[in-house]
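Novice: From the sequence below, what's the structure:
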Amino acid sequence: MTSERQADNAIRFFESRSYNYDDTWHADFAKRFLSYLPIQPGQQVLDLACGTGLLSFLEAEAVGPTGHVIGIDVTPGMLTVAAYKKQKASGKCTNLDFLRGDVLHLEETEALKGKTFNIITVASALVLFPDPNAAIEHWAGFLKPGGVITLDSTHPRNLVSGMVLERTARRLELPMPYNREWSQSESSLKDVLESAGLQVEKVLTVENQAGYGRRYYPVEEWDDFFVENVIVKDVARTFANNEIRRKAQGVFKEEWEKLAVDGKVEEVDAVFLAVARKPADGSRYIPTGLSKEVVFTGGCRCSSIQYTSTAPPSDITFCHCRACQQVSGSGFLPFIDVPTDSLKFTSSSTLKTLKLSESADRTFCTGCGAPITMKYHFQEEVTGLTMGSVDLDSLTVAQPRVKQHIFLKERAPWVVLPGDDAERLEAAPFAHLLVPKSS
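Specialist: Next up is the predicted model:
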């Protein structure tokens, strides 16, 4: 999707919301967002996708008369509201300016040429951009050395019907005005910031963004959400004709049902928020995990198989499918993912490939029987490693956390799920890509 298409979609998506935007939960969240900013009097601040200026006005107050805040947005209605609020302030916001511009092409905004900032903020907007890494890299070019960028991304179950809608559009190869599938955990946000050359100071989960905490919907309510999101709210007209809507309805139902556990679909009112800094010398930060040095090692029980990874592990997925039960002799197998080209076997004399389906290949040790890897044919660039094969003492990065439980419809009856915050799925996000097992 081009940036022009993104900007056009953003205008269509937000123009009609401009005049009641301040009456939503966004006003309270702006105050909470500000509380995480290392903001000081006299600083120069750039507030991207500023909307009606909810955060911009708070920042202007924080930097005081010796500082300056610029808010940029592409939606005319939002900026009209922001300008009206500034006018009503009767000269109290002389250190605050609003500009119309495409935040993916800041170089085209004349007033920003040659400027750099102490702080850049992006609140409740990262979800709008098709390539978060490229967007953050672009914004980092407007940071002073030692400057800070603060932004947030969605929890995977935040506004769960929107997430299902995005998956539906992706499967039908249709564009969407938001792109949130990548944001799965605090680690996801940390990774994109580090990949953009920024050093992450902290990442945290902000609960109760909109004030409702957690709620659960009966799986049968999928049709209500489809009507609300596609028939009523399809502002970008992605599902513009009846034929596409009919196809979308079936895919939406399938994706919704994947999320159900015990007949309920969970929604989590939370976002991940990060504070990252540009190195003081203006250079590009290179985390240990992105260098060619070994990040962790692992192997089998009898040590006949040994491997190294030059990339950090993803968070952990517990797979409860019947195949994982049988090959492990347990109720599930925990996996982490690494880029395939980062994985190197330093000893593999007993490594054997096991093909249980047309969708993936597994490997195990013929000496001790330990399962080692799993790689799906539709995602050859990623290899899953069994977490039990990882040498925890070798990790040079934080130990991964449990991200999700998948294929719970096949869960062993004796397994009791832990009381963690990991996502729970009856199938898996990629279930539609699996090839049925040959009879």
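
Novice: Let me see the mean pLDDT of the helix ranked longest in the chain.
Specialist: If you go by DSSP state H, the chain has its longest helix at helix 242-258. Averaged across helix 242-258, the pLDDT comes to 90.

Novice: for it, which positions count as buried?
Specialist: Neighbour-count burial for helix 242-258, counted by 16 or more other C-beta atoms under 10 Å, picks out 245, 248-249, 251-258. Bear in mind the C-beta positions are built from the backbone N, C-alpha and C, glycine included.

Novice: For those, give me JSON lines that also has distance to residue 322.
Specialist: What follows is the buried residues of helix 242-258, written out as JSON lines (distance: C-beta to C-beta, whole Å):
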{"residue": "245", "distance to residue 322": "35"}
{"residue": "248", "distance to residue 322": "31"}
{"residue": "249", "distance to residue 322": "30"}
{"residue": "251", "distance to residue 322": "25"}
{"residue": "252", "distance to residue 322": "27"}
{"residue": "253", "distance to residue 322": "24"}
{"residue": "254", "distance to residue 322": "20"}
{"residue": "255", "distance to residue 322": "22"}
{"residue": "256", "distance to residue 322": "23"}
{"residue": "257", "distance to residue 322": "19"}
{"residue": "258", "distance to residue 322": "17"}
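
Novice: Residue 368: which of those is nearest?
Specialist: Nearest to residue 368, judged by C-beta to C-beta, of these is residue 258 at 34.8 Å.

Novice: so that closest one makes contact with residue 430?
Specialist: No: Residue 258 lies out of contact with residue 430 (C-beta atoms under 8 Å); the separation is 9.9 Å.

Novice: hang on, the earlier thing: what's the most distant pair in the buried residues of helix 242-258?
Specialist: 245 and 258 (20.3 Å).

Novice: Which pLDDT does the model give the residue nearest the centre of the chain?
Specialist: Nearest residue to the geometric centre of the chain (C-alpha atoms, centre = their mean): residue 183, 1.0 Å. With respect to pLDDT, residue 183 has a value of 88.

Novice: Could you find the closest non-adjacent residue to residue 418?
Specialist: Using C-beta to C-beta, 6 or more residues apart in numbering and skipping residues adjacent in sequence, the residue nearest residue 418 is residue 402, 7.8 Å away.

Novice: which residues of the protein fall in helices?
Specialist: Counting by DSSP H, the helices of the chain are 3-14, 26-35, 54-63, 76-88, 132-140, 160-171, 186-195, 222-226, 242-258, 322-328.

Novice: would CSV of the ones you listed with distance to residue 359 be doable?
Specialist: Formatted as CSV, these follow (distance: least, C-beta to C-beta, whole Å):
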stretch, distance to residue 359
helix 3-14, 33
helix 26-35, 41
helix 54-63, 45
helix 76-88, 45
helix 132-140, 28
helix 160-171, 16
helix 186-195, 24
helix 222-226, 26
helix 242-258, 16
helix 322-328, 10
